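Trainee: need the 3D shape of this:
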Amino acid sequence: MQIQNVTNVVNSVQAAAYGQKGRLLATNNLLLAGNQLFWTLLDPVLQRVGALDAASATVVAALAPLGSLLTGGVLLADRQTVRFISGTATFDNTHREFRESLRDQVGERLWPAFRRRTDVPVNLTILEDSQESAFLLQAQVDQGSVLIRIADEVG
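Mentor: Residues are numbered from 1 along each chain as shown. Below you'll find the model as predicted:
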């Protein structure tokens, strides 16, 4: 029963990491389901056909969560899912530009194409309003990095 609990946790973690919300039959979701079914059914199927005895079946069942994690990582680690990335940047009188690479946020296989994109939306919100002066900020994704600049001083 403990092995089943570990398998349930592994399945939840994989669904959160690689699953695609809102599309039940999306490729990532189908690959995850197939991977999880394979590792769940491997032990009983091998026992049924006589390939495993009870002792071997216990070992296979115990290794199934690890096998599922490894297989899921191989199948899906480089696939990009739609996501939002958030963060904060601090500006003061000495820095008029903030740049941060999004490399760690994009699947490795998709990185070269992402760097060429010019249509990545950026939403900029000022979290703390300064009474001393206000600035016009511009934000964009440039060559795979989010770039925020102080454009002009206002007031």
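
Trainee: this protein: helices as residue ranges?
Mentor: When assigned using DSSP state H, the helices of the chain occupy the ranges 2-18, 27-48, 54-76, 111-116.

Trainee: low pLDDT regions in the chain?
Mentor: For the chain, applying pLDDT under 70 flags the ranges 1, 80-83, 91-93, 128-135, 152-155.

Trainee: ok, 50 please
Mentor: For the chain, no stretch is flagged by pLDDT under 50.

Trainee: which residue is nearest the middle of it?
Mentor: Nearest to the mean C-alpha position of the chain, by CA atoms, centre = their mean, lies Ala17 at 5.1 Å.

Trainee: could you list every residue that touches that residue?
Mentor: Ala17 makes contact with Leu76, according to CB atoms under 8 Å, 6 or more residues apart in numbering. C-beta: built from backbone N, CA, C; applies to glycine.

Trainee: quick one on the thing from earlier: could the helices of the chain go into TSV alongside distance to Arg103?
Mentor: Shown next, in TSV, are those (distance: least, CB to CB, whole Å):
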stretch	distance to Arg103
helix 2-18	18
helix 27-48	21
helix 54-76	19
helix 111-116	6
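
Trainee: gap between the residue nearest to the centre of the chain and Val122?
Mentor: Taking CB to CB, to the nearest Å as the measure, Ala17 and Val122 are separated by 24 Å.

Trainee: same check on Arg96?
Mentor: From Arg96 across to Val122, the span is 17 Å (CB to CB).

Trainee: next one: Leu76
Mentor: Taken as CB to CB, the span from Leu76 to Val122 is 27 Å.
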